[in-house]
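Enquirer: Just need the structure, nothing else, for what follows:
(chains A, B, C and D)
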2 protein chains.
Amino acid sequence: MELTRKGEYAIRGIIYLAQQPPGRVSLISEIAAAAEVPQTFLAKIFQSFAKLGLATSSRGTGGGFVLARPASAITLREVVEAVEGPILPNRCLLGSACDRGGPCRVHAVWKQVQTEVVHILDGVTIDTLARNTES
Amino acid sequence: MELTRKGEYAIRGIIYLAQQPPGRVSLISEIAAAAEVPQTFLAKIFQSFAKLGLATSSRGTGGGFVLARPASAITLREVVEAVEGPILPNRCLLGSACDRGGPCRVHAVWKQVQTEVVHILDGVTIDTLARNTES
DNA sequence: TATAAAAGGGATCAAATTGGTCCTAAAGGT
DNA sequence: ACCTTTAGGACCAATTTGATCCCTTTTATA
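Expert: Predicted coordinates for the structure are as follows:
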C-alpha cells in the first residue's frame, strides 16, 4: 500500500517537464539532475512515458523529451499507473473468483477503495502540481 | 499499493474466528485449515493479533484463540494495520520533509488518499464481513 | 508430577520485487 | 563519418515477502 521510488521519481520527473516553457526539449540528464534522481533509472521511467503517450521522445542531437499533451491534460493517476501499474488494492479485483468459490467477502470494500483512490488521483493534474509553489 | 498475502490471510483468519459461537476457543490449526492458509504463517499473524489486543490467546491443552472484543467492535482497518502496518500511500506522510526542502508537491494528495482509505476500512467491521454470506 | 497440548518467539530460507547499473543498438543532427 | 541522444535488453545487489523449523513456555489433566 505504498508508492515505490519509481513512482516518486516519475512524478518528480514529469513535474519538471511540465515546468519548462512549452515546446522546450529536455534531456534525460537534465531532468535527472533537476529532480535529483538516478539518471539511468529515470531513463527507464521516461521510456514508459513515451510508450504510453505521456511524453514524446526524440533521439540524436537536440533530442530529448517533451510532454505529449498539455500538463493540464495529464493526471497524476496516469503518471502513477504508467510506472506502477493499475491501482489495485487487492489481487481479487483482477479476476472474478478471489475466494475459494465465489467473490470474497471483502471484495466490495476493496472495490470501493480502488474507486476512491482512482478518483482522487484522476482529480489532480500535473499542471496543478507544477504550479504549486511550496506547500 | 497492494494487500499482501499476510493481509489476506489475516482477514480470512479473523473472519473465521468471528463466525464461531461467542466464547468458543479455536486452535490455530483449525483456523488455518478452515481459512486454507499455511498454519505456521497464520500462527505468526495471530501472534500479532494477540499482542495488539484483537484476539486473546491461551496456551496448553484447551488453549487457542478467541476474539478479544465483539466482532462488531473490530474494524477491517485494525486487522489490516495489525499485520501490514499503518496505511501509508507515501513515505512522505511519515516525516515532515519529503521533498528536498519543504513538503513535496503531492503531499496533500497522498494525505487525502490516506484519509479516504482509512475512512473506508474503519467503516467495515469484522462482524459485517463474517455475516456477509456470499457476494 | 509427568506428560501432552497449545501458543510464543527466534532463526533461517527461497522466491519475488525493488532499485539500479551497464552495454549495445538505433536514430537523428552536423 | 561522427557525435549525440533515446531504446532496449541483460544483469545485479538489497530488500521484502512468504513461508518453515525448532526450541521454549504455559497450562490442563491423567
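Enquirer: ok, residue A:60 to DNA strand D distance?
Expert: 4 Å (CB to the nearest atom of the strand, to the nearest Å). C-beta here means a position set from N, CA and C on the backbone, and glycine is covered the same way.
Enquirer: got the residues of chain A near DNA strand D?
Expert: A:27-29, A:43-44, A:46-47, A:50-51, A:57-65 (CB under 7 Å from any atom of the strand).
Enquirer: Drop everything from those that is not in strands and list the rest.
Expert: A:57, A:58, A:64, A:65 (DSSP state E).
Enquirer: By neighbours, which of the residues you listed wins?
Expert: residue A:65 (25 neighbours; other CB atoms under 10 Å in any protein chain shown).
Enquirer: Output stretch A:21-30 as PDB - backbone C-alpha positions only.
Expert: The C-alpha trace of stretch A:21-30 is given here as PDB (Å, rounded to 0.1, in the frame of the first residue of the first chain):
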ATOM      1  CA  PRO A  21       8.400  26.600 -21.400                       C
ATOM      2  CA  PRO A  22       6.000  24.800 -23.800                       C
ATOM      3  CA  GLY A  23       7.800  23.000 -26.600                       C
ATOM      4  CA  ARG A  24      11.100  23.100 -24.800                       C
ATOM      5  CA  VAL A  25      13.000  19.800 -25.200                       C
ATOM      6  CA  SER A  26      14.700  18.400 -22.000                       C
ATOM      7  CA  LEU A  27      17.500  15.900 -21.800                       C
ATOM      8  CA  ILE A  28      17.100  13.000 -19.500                       C
ATOM      9  CA  SER A  29      20.400  14.000 -17.900                       C
ATOM     10  CA  GLU A  30      18.900  17.500 -17.200                       C
END
